[in-house]
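Colleague: Sequence below, structure please.
(2 chains)
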Amino acid sequence: MATTDPVKIIVDGREVITTKGTTVIKAAADAGVAIPHYCYHEKLSIAGNCRMCLIEIEKMPKLQIACNTQVAEGMSVLTQSPKVLAVRKAVLEFLLINHPVDCPICDQAGECMLQDYYMEHDRQESRLEVGKIHDRKRTIFGPHVVFDGERCIKCTRCVRFCQEITKTNELAVVNRSDHSTIALFDDAVLDNPLSANVVDICPVGALTDRDFRFKVRVWYLEKTPSICPGCSTGCNIKVETYQNKIARFKPRQNEAVNSHWLCDEGRYCFHELAGGERLTTPMIRQEGGLVPTTWETALQAVVNGLRGGQALAGILSGRNTNEEAYLFAKLLRRLASYCSMEVFYQERPLTEVQKILMSPDRSPNFRGARDMGVSSSGGFAGLMQELTANNFSSAYIVGEDLLGANGDNEKIRSALERLSFLVVQDTKLTETVKLAHVVLPAVHFGEKEGTYTNRQGRVQKLNAALVAPEGTRQDSEIFLRLLEGAGENLDYSTPAEIFAALAKDVIAYNGLNYDSIGDLGRELGSGGSAGS
Amino acid sequence: MEKVLLRNIDVPDLSTLTTYRSRGGYASWRKVVETLKPEQLIDEVKASGLRGRGGAGFPTGMKWSFVPKDSPKPKYLVCNADESEPGTFKDRLLIEQDPHAIVEGTLIAAFAIQSHTAFIYIRGEMAFGATRLEQAVADCYQAGLIGKNLFGTGYDLDVIVHRGAGAYICGEETALLSSLEGGRGWPKVKPPFPATHGLFGCPTVVNNVETLAVLPWILERGAAAYSAMGTEKSKGTKLFSVSGHITRPGVYELEMGYPFKKFLEEDCGGVPDGRKLKGVIPGGGSMPVLKPDELEKVNLDYESVAAAGSLLGSGGVIVMDERVCMVRAAWNIARFYAHESCGQCSPCREGCHWMEKIFHKLEHGQGQASDLELILNISGNIMGNTICPFGDAAAMPAAAFIRKYRDEFEAHISAGHCTVRAE
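Modeller: Here you go, the predicted structure:
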């Protein structure tokens, strides 16, 4: 086990201070020396099977694997000696002799460690003049994962992931020698809630993502660091886009939140949240239904319809940012003498494996939005009870389809129908939108910038990965225009400026600075100075 | 020379407890439990100079002393009866004919490390041997030689006979432990070593059948009597299984340091029918082949065979006469390793099959001159770079065959067919 006792080692002639119990591969990585490897993964047990990380240690006759060698005081490690470079080339040759080298049709191409290390350490023509070993192709492992046995280098990262992280044990190595391959146990399906992580940790193209497969070459992807909108765990992700569409989510390592992982539900939630036909024109109810209108008319109609209202209900999506929630709360209090507002919230039971990452809600910024004042004493359930008891005369619903998300449809539908004025701000034509008096086309999580506060109270940054469709407006901008229309002139408009305002206003956020949130977020209460 | 391991081998019904005891069997076991402290036992075996007979020749007493005495975990003694090395059948003789010597040795070794559970892991194919060992263990339970409160001393010891499933690799001690744990027979990455993290993560010693079977004799006659035999560094006697083109094949017990050439020619009667010797593998299929001229000064002990460029290994002596096609022999051995590689680490998994395919090509007259260098290069890339010694075991013979019989390989390449067997 790693302790805090300092140990000095020499890596390629350079002194490196590390701690007792650290492995050479980790100590070298911390010092900026990347030792090539396949089977080693810092969150999995040591397998030592790929032999790519063999390095030379002075006074030891044989090369040693850096992943399984603990540092010792004064140990001198050579990662670039002729012996080491030769063995890397040899190991790569072994790994590649039976590989189909089908990079042109392989999704992994461009982010494949076989390709990268080949270019770096091998660069020789194949010396294999006898036939290659064949293995299963296109084997479906589960709903999200497909396996190509010929591309597999048997590093067993996927097997170990299912043994050690999810403990669901779907995968195993079967057969022997060069016919060794990865397989599902009889009757098993790789469908655990974290299954697609095996695609991320597969260093080669053996495991690919059925959802992403053949969609786009990875070098065309633009990658934007952001936060998963799936639930309030707030897993750090990269939103990877192509031609202004989300192609995939990939987890982004953050040891305070999700480590290297992302659950399947979160990974694929962008289809639901960002897909489908978009609303791109504001609409207003006239006799005969909703008709398109201008933003000016729509916003004026909202101000007129809500101002001075007797009893206003506000429901904000848990995917709205802190900045939006801050403005929404301000707006509703400004418009109505009596208003009650809440963040949409629904829980579902989770299995033990789901609990590794997932939160019971699907509202990533539930905590943050309530911190901003979008909260009421009875919570979301209480507000819905009041709504169905017809205690409100008007309502402003943002980003949630109350009719689609609740089993109690008819009751809610009749309650919404009885409202004298209903504003719905959303991205798609939902059943709730169809009941609105004014419809405001807004943007989704992938098109906006701002902050989410996850359930542990970590403020994290959402970044715009896509350009929003023409005709839509940012939620924050809509709220600002409405505040203006209601007579409140604010001297801030960008997410950073709004954050600065809320950080002054909301006690728990005092001292937090938008720029210092960075890619890994800040714990509430950590202020602007100390790290997280 | 006085026989040690084979002293009783011709006694009828030796495999029964009654006969074994009538020859003094289990007296050593009783003496150990009743009179010796574990440290005294370890010191006695250290003093005997006994080295592991599984192939590596590691000093047995020292191996035992690596087991931590203060570990709160259970300790395990495992008898490695997974004899599978090509050309090796010495353990099988003991297992089938003298199972009680193995059981008694297992008990003594278990006591040395204060283990209360010992396993005998026997190769799956040795069905008859397994029944012999199972019977021996059952009879010992019956007789109070295994079980609870042995000889009234409070010492408990159970012995479990476990049959393997037929993988050569499970003779490698950590693969054996993986298999015994119920897992895939894969060697474990070291460190940690079995002495501290072995079976189920507990301190474990794995000893070969022959190593264990000699312990009763050492305890009966004393360390000095054992170390009086053999050479300076290779003490005692060793079993050799001789097969191939030899007049009297079989299992022989020799004092360490016995001249190899004399052994083959006199004890084993030499190559039959006046044919000439072409090569000898001294220590099982994993070891480099020796040419007749290399045998001249070799004695059968660890150091002398190593000095000649091979290894004593398991003592599996494979004799090949002039009719043997060395290309085909090399291919045959390569095929064995390609088939038996566990597939865990890259160099062995990929390299063994690659070498096998090239040897196949050469034997079938489709080789080219560059293939020889290629095999040497592949074997060099495997050597020393794998998780367990299997990689070396596959690489060493491949390289040795090419280096020592290169002319024969070249003849195959230029003729386009086998030039030896055709005649």
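Colleague: closest point of the stretch 1-150 of chain B to chain A, which residue?
Modeller: residue B:84 (13.8 Å; C-beta to the nearest C-beta). The C-beta positions use only the backbone N, C-alpha and C, and glycine is treated the same way.
Colleague: can I assume that residue is in contact with residue B:123?
Modeller: Yes. Taking contacts as C-beta atoms under 8 Å, residue B:84 lies within contact range of residue B:123: 5.7 Å.
Colleague: Find the residues that touch each one of these two.
Modeller: B:170-171 (C-beta atoms under 8 Å, 6 or more residues apart in numbering or on different chains).
Colleague: Where do the domain boundaries of chain A fall?
Modeller: A:6-92, A:100-114+A:125-214, A:283-445+A:467-492 (automatic domain parsing).
Colleague: Let me know which of those is the nearest to residue B:4.
Modeller: Nearest to residue B:4 among the domains of chain A is domain A:6-92 (34.3 Å), distances taken as C-beta to C-beta.
Colleague: now the closest one, how far from the centre of its chain.
Modeller: 32 Å (C-alpha atoms, centre = their mean, to the nearest Å).
Colleague: average model confidence for that domain?
Modeller: For domain A:6-92, the mean pLDDT works out to 97.
Colleague: and the helix or strand where residue B:33 lies, what does it pack onto?
Modeller: Under the criterion of DSSP states H and E, residue B:33 resides in helix B:27-35. Counting contacts by 3 or more C-beta pairs under 8 Å, 6 or more residues apart in numbering or on different chains; DSSP states H and E, helix B:27-35 packs against helix B:99-112, helix B:215-221.
Colleague: my read is residue B:53 is in a strand, agree?
Modeller: No. Residue B:53 is assigned coil when assessed by DSSP: H, G, I helix; E, B strand; the rest coil, not a strand.
Colleague: and it, what does it touch?
Modeller: With contact set as C-beta under 8 Å, 6+ apart, residue B:53 has these partners: B:208-211, B:214, B:238-239, B:314-315.
Colleague: make it 7 Å
Modeller: Residues near residue B:53 by C-beta atoms under 7 Å, 6 or more residues apart in numbering or on different chains: B:208, B:210-211, B:238.
Colleague: Give the rounded mean pLDDT of stretch B:254-269.
Modeller: For stretch B:254-269, mean pLDDT is 97.
Colleague: Would you mind listing the buried residues in it?
Modeller: Within stretch B:254-269, the residues scored as buried using 16 or more other C-beta atoms under 10 Å in any protein chain shown are B:254-261, B:263-265, B:267-268.
Colleague: what's the single longest helix in chain B?
Modeller: Using DSSP state H to define each element, chain B has its longest helix at helix B:346-363.
Colleague: Do that one and chain A come into contact?
Modeller: Yes. Applying C-beta under 7 Å from any C-beta of the partner chain, one finds helix B:346-363 touching chain A at B:346-347, B:349-354, B:357-358, B:361.
Colleague: who wins for neighbours among the residues you listed?
Modeller: Greatest neighbour count in the residues of helix B:346-363 next to chain A, by other C-beta atoms under 10 Å in any protein chain shown, goes to residue B:351: 33 neighbours.
Colleague: Secondary structure element holding the closest residue to chain A within the stretch 251-400 of chain B?
Modeller: Taking C-beta to the nearest C-beta, chain A has its nearest neighbour within the stretch 251-400 of chain B at residue B:343, 3.1 Å off. Using DSSP H and E, residue B:343 sits within no helix or strand.
Colleague: Now do the contacts for it.
Modeller: Taking C-beta under 7 Å, 6+ apart, one finds A:154, A:176-178, A:180, B:349 in contact with residue B:343.
Colleague: ok, now residue B:107?
Modeller: B:29, B:146, B:157 are the contacts of residue B:107 under C-beta under 7 Å, 6+ apart.
Colleague: Nearest to residue A:372 among these?
Modeller: residue B:157 (70.1 Å).
Colleague: The helix or strand harbouring that closest one vs helix B:27-35, what angle?
Modeller: The secondary structure element spanning residue B:157 is strand B:155-163 (assigned by DSSP H and E). Put simply, strand B:155-163 runs at 140 degrees to helix B:27-35, going by axes from the mean of the first three to the mean of the last three C-alpha atoms, to 10 degrees.
Colleague: Just the pLDDT at the residue nearest the centre of chain B, thanks.
Modeller: Per C-alpha atoms, centre = their mean, the C-alpha nearest to the average position across chain B is that of residue B:54, at 3.2 Å. Note for residue B:54: predicted pLDDT of 89.
Colleague: How about it, nearest residue that isn't a chain neighbour?
Modeller: residue B:208 (3.6 Å; C-beta to C-beta, 6 or more residues apart in numbering or on different chains).
Colleague: does the one you found really touch residue B:56, like I thought?
Modeller: No. In this structure, residue B:208 is not within contact of residue B:56 by C-beta atoms under 7 Å, at 9.3 Å.
Colleague: Between those two, which has more neighbouring residues?
Modeller: Here residue B:208 and residue B:56 are compared on neighbour count by other C-beta under 10 Å; more neighbours surround residue B:208, at 24 against 16.
Colleague: Next, the contact list for the more buried one, please.
Modeller: B:52-54, B:80.
Colleague: What residues sit buried inside the strand holding residue B:157?
Modeller: Of the residues in strand B:155-163, B:155, B:157, B:159, B:161-163 count as buried by neighbour count, 16+ other C-beta under 10 Å.
Colleague: Out of the residues you listed, which is nearest to residue A:436?
Modeller: residue B:162 (72.9 Å).
Colleague: Thanks a lot, see you next time.
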